[in-house]
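Visitor: Sequence and computational prediction follow.
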Amino acid sequence: METRAKQERSPGVFAEADPGENPGLKQSYLPNLEIYWGFRELDQSLTQALPLDALYCKQVSSRENRHENNSCWFAFAWCCSKTASANLATTHQRSLRLSKMLGLPMMKKNSHSPGVRLRKALHEEHPLQVVGVINAYAAILAERSGFKALYLSGAGVANASCGVPDIGITTLADVLIDVRRITQRTELPLLVDADTGWGNPKYTVGEMIKAGAAGIHLEDQVSAKRCGHLPGKKLVSSAQMISRIEAAKAGRTDPAFVIMARTDATAKEGLDKAIARACRYRDAGADMIFAEALSELSQYRKFSEELRVPILANITEFGKTPLFTAKELASAGVGLVLYPLSAFRAMNAAARNVYRVIRTKGTQKGLLPKMQTRAELYESLNYQ
């Protein structure tokens, strides 16, 4: 096969490995493989599976000429590129086809939509524990730990993926990148923090469905929003929030896709007015209610009794809500218990400690018992 002339390529999941002017630049990825970027003609069996963005791999074994070994096409059909918003089902079919051809592990396609899977999980677990994940590998670990539903936090995207505070400066595109990466590696339903809808809740819902999300929550803060557990929050009117909900409903191509309304009104307007707002959001079509920053179980109980739809309790650390147990929240009628950034905070503390020890002691030997082993990593990834 002849190498194509250099072409413009949209950034994808492997953009960091792009050699630029040198298509022969090698990047280590798997044992006994050296990966070469190249724009090459795909044979007929692959042209319907991938665009030109593909990884050309040379099988390498010691004591043999690396350029004369058997070659293979090793690619993920899920390239997070400008074309990654293509139909998710079609993308999965292409990925499955490639995986079968190359003998790669691949999750099975669930016949139910993500929204159906989220509603089913809510029906089967009382309350449903929804755990936050900041990337695809964290999602794998959560699934292996037995959780039935996942969450992508707006603060998680801002803090972990973009390195900025959660003050409404991340974009829909920023969030969709992480959504796609997570939903491509797990069948667990993913609830996504959609902030205030980025000015176009209808479009946001459509893109979230394409990316594989099971649902979103929209909040009743102004666009320049703040963390729900910080002071100084500013709310939009109930009418404005209802417009967001109605626009989100208009973008729903999957009727099971969950639209959750979050209200931050308790801290600003009191419990009764917050419940009144939530009732209007429910009547406008919100499937579930996210009651933010409550401080007492009795408040959750009153929300549940008045709304008669699933209520989500955000049990985030270092906030206004005490760390109630799942059992306590169940007794108050809570339907979903959210732990948005628990693992992320623990990961950060562990990483900071590792960096400090290596910097001060010049070695990581004493940290090995606290590390995940290579074998444990590969086992989580189903790689042998």
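Guide: Received it, and whenever you're ready, just let me know what you need.
Visitor: and residue 355, what is it in contact with?
Guide: Residues near residue 355 by C-beta atoms under 8 Å, 6 or more residues apart in numbering: none. Every residue, glycine included, has its C-beta placed from N, CA and C.
Visitor: next helix or strand past the helix or strand hosting it?
Guide: Following DSSP states H and E, one finds residue 355 within helix 342-361. Next helix or strand after helix 342-361 toward the C-terminus (DSSP H and E): helix 374-380.
Visitor: which strands and helices sit next to that following helix?
Guide: On a contact count with 3 or more C-beta pairs under 8 Å, 6 or more residues apart in numbering; DSSP states H and E, helix 374-380 meets helix 136-144.
Visitor: how far off helix 342-361 does the helix it packs on point, in degrees?
Guide: Counting by axes from the mean of the first three to the mean of the last three C-alpha atoms, to 10 degrees, helix 136-144 lies at 120 degrees to helix 342-361.
Visitor: How about residues contacting helix 136-144?
Guide: Outside helix 136-144, the residues that touch it by C-beta under 8 Å, 6+ apart are 131, 133, 150, 181-182, 184-186, 188, 190, 343-344, 347, 380-381.
Visitor: What are the boundaries of the strands in this structure?
Guide: 26-28, 33-37, 55-59, 71-74, 128-132, 149-152, 190-193, 215-219, 258-263, 288-291, 311-314, 336-339 (DSSP state E).
Visitor: pLDDT averaged over the first one, what's the number?
Guide: On average, the pLDDT along strand 26-28 is 34.
Visitor: Also the last one?
Guide: For strand 336-339, the per-residue pLDDT values average out at 98.
Visitor: among the contacts of helix 136-144, which two are most distant?
Guide: Using C-beta to C-beta, the contacts of helix 136-144 span at most 21.1 Å, a distance reached by 184 and 347.
Visitor: Tell me which of these two has more neighbours.
Guide: Each of residue 184 and residue 347 has its neighbours counted (other C-beta atoms under 10 Å); residue 184 has more, 22 against 14.
Visitor: Buried residues of the helix holding residue 355, list them for me.
Guide: Within helix 342-361, the residues that count as buried by 16 or more other C-beta atoms under 10 Å are 343-344, 357.
Visitor: Just the closest of these to residue 177, please.
Guide: Nearest to residue 177 among those, with distances taken as C-beta to C-beta, is residue 344, at 16.8 Å.
Visitor: can you pull the contacts of that closest one?
Guide: Going by C-beta under 8 Å, 6+ apart, residue 344 touches 132, 134, 138, 153, 156, 159-160.
Visitor: 7 Å instead, please
Guide: By C-beta atoms under 7 Å, 6 or more residues apart in numbering, the contact list for residue 344 reads 132, 134, 156, 160.
Visitor: Could you check the pLDDT of the closest residue to the third one other than its chain neighbours?
Guide: This means residue 156. The shortest distance from residue 156 to any non-neighbouring residue, by C-beta to C-beta, 6 or more residues apart in numbering, is to residue 134 (4.6 Å). On the pLDDT scale, residue 134 is placed at 97.
Visitor: Next up, phi/psi of residue 134, please.
Guide: Main-chain torsions, residue 134, degrees, to the nearest 10: phi -100, psi -10.
Visitor: which of the residues in stretch 120-131 are buried?
Guide: Result for stretch 120-131 [16+ other C-beta under 10 Å]: buried residues 121-122, 125, 127-131.
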